[in-house]
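Undergrad: Structure, please.
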Amino acid sequence: MSIVNRILLVLIGGAFSWMLVAPFITPVNLVNQGSINRPNKIAKLPIKIMKPEKPLHSVKLPDFAHIASVSEKKRQFFQFLTPAIRKENQKLLVMREKLLVLKAQSFESLMPADIALIKKLTKQYKVNKQLSFNEQLDELLRCVDQVPEALVLVQAANESAWGTSRFARIGLNFFGIWCYKPKCGMIPNGRSGNDRHEVAAFQSVAKAVHSYFYNINTHAAYKVFRHIRAQLRAENHPLYPEVLASGLLAYSSRGEHYVVEITKMIEQNQAYFTEQQIAQAD
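TA: Residues are numbered from 1 along each chain as shown. This next block holds a predicted model:
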């Protein structure tokens, strides 16, 4: 059975993939839904006027929130992010081609610079150093690879409300990426007292996009995604964005509902993707 058929079965059933990635998902704080006693009269609370939050970057963003036409908003949003996504994918493709050349050679024939590069990438992509040299190369090839533009774009649209969210406007975070060092980004308004995460802030769109790709290509939560991508490569299939979306169960606490939503967005926005974006799946 081909990888495409297997993924279709996963999308229909869903349960098996959910069990694979569920341990990696950050638990969601559940709200107590029990009934509560309410007073007959609600006390009037003073209205707190929030000061406008200053951007943590110097990038001039399109004012997506004030674009009245939905189709024009989508067009400008995709047009704004595509160059950075395409550049990141191109860098990954160049490095991947280099790794494929090295894999075709024997270890004895490799130059010191080649071995140093592999060691550097092994550390960068968190590859187990206990693996054999060939196994390290195989694992690197699972990590150093592209993510279809269409998939990246609809995830950005979904996570940032088409570029209108606070995190996109203030921190150029279009992908909902978290960070854990104090003052590394923006504190979510709904964060509980026990949580310490922030939503990462970036100085450029390129850095935000790079962080997304690095997250997808290294985090344990997306091991299933990388396995699906490797299987597509092994069977000489294109990197279908709809198929790869099934490996993103851990990206949101909504799990399967998130995957279905992303898949529908890919289908619904085909008219806005460029020929190059569509070619990645043909």
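
Undergrad: tally of neighbours for the closest residue to A150 other than its chain neighbours?
TA: Distance criterion Cβ to Cβ, 6 or more residues apart in numbering; nearest residue to A150, sequence neighbours excluded, is P241 at 4.5 Å. C-beta coordinates here come from the backbone N, C-alpha and C atoms, glycine included. For P241, the count of nearby residues is 26 (other Cβ atoms under 10 Å).

Undergrad: ok, P241 to K74 distance?
TA: Distance, P241 to K74, by Cβ to Cβ, to the nearest Å: 16 Å.

Undergrad: go on, V259?
TA: Between V259 and K74 the computed distance is 21 Å (Cβ to Cβ).

Undergrad: Comparing these two, which shows the higher neighbour count?
TA: Neighbours around V259 and K74, counted as other Cβ under 10 Å, are more numerous at V259. The numbers are 23 against 19.

Undergrad: residue nearest the centroid of the protein?
TA: The centroid of the chain falls nearest to Y212 when counting by Cα atoms, centre = their mean (4.8 Å).

Undergrad: so that one touches G176, yeah?
TA: No. Checked against Cβ atoms under 8 Å, the pair Y212 and G176 is beyond contact range at 9.4 Å.

Undergrad: Pairing partners for the nearest residue to I177 once chain neighbours are set aside in the sheet, please.
TA: Excluding its sequence neighbours, the residue lying closest to I177 (Cβ to Cβ, 6+ apart) is A200, at 4.7 Å. Bridge pairing for A200 (DSSP bridges) gives the partners G185.

Undergrad: Run through the helices of the stretch 1-150 of the chain in chain order.
TA: For the stretch 1-150 of the chain, the helices defined by DSSP state H, counting those that start in this stretch occupy 3-13, 15-21, 70-103, 112-124, 133-143, 149-160.

Undergrad: any low-confidence regions in the stretch 151-282 of the chain?
TA: For the stretch 151-282 of the chain, the stretches flagged by pLDDT under 70 are 275-282.

Undergrad: same thing but 90
TA: For the stretch 151-282 of the chain, the stretches with pLDDT under 90 are 180, 182-197, 274-282.

Undergrad: could you pull out the helices for it?
TA: Assigned by DSSP H, counting those that start in this stretch, the stretch 151-282 of the chain shows helices spanning 166-171, 205-218, 223-234, 241-245, 256-268, 275-279.

Undergrad: Next up, the contacts around the nearest residue to L81 once chain neighbours are set aside.
TA: Computed as Cβ to Cβ, 6+ apart, the closest residue to L81 that is not its neighbour in sequence is A156, at 5.7 Å. By Cβ atoms under 8 Å, 6 or more residues apart in numbering, A156 lies in contact with F77, L81, G163, F174, F175, Y212.

Undergrad: Give the burial count for the fourth one, as a bare number.
TA: Burial of F174 is recorded as 29 neighbouring residues (other Cβ under 10 Å).

Undergrad: Tell me how far it lies from K91.
TA: According to Cβ to Cβ, F174 stands 19 Å off from K91.

Undergrad: With the fifth one instead?
TA: When distance is defined by Cβ to Cβ, F175 is 18 Å away from K91.

Undergrad: who's more crowded, these two?
TA: F175 (24 against 14).

Undergrad: I'd like the distance between the nearest residue to that one once chain neighbours are set aside and A271.
TA: Distances taken as Cβ to Cβ, 6+ apart place Y212 nearest to F175, at 4.4 Å, with adjacent residues excluded. Separation of Y212 from A271 (Cβ to Cβ): 24 Å.

Undergrad: same check, this time on I228
TA: Distance of I228 to A271, given as Cβ to Cβ: 26 Å.

Undergrad: Could you do F225 as well?
TA: Distance, F225 to A271, using Cβ to Cβ: 26 Å.

Undergrad: Distance to G193 for the helices of the stretch 151-282 of the chain - can I get that in CSV?
TA: Shown next, in CSV, are these (distance: least, Cβ to Cβ, whole Å):
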stretch, distance to G193
helix 166-171, 20
helix 205-218, 26
helix 223-234, 32
helix 241-245, 34
helix 256-268, 27
helix 275-279, 43
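
Undergrad: right, so those helices: which one is the most enclosed?
TA: Comparing those by mean neighbour count (mean count of other Cβ atoms under 10 Å), helix 241-245 ranks first with a mean of 25.
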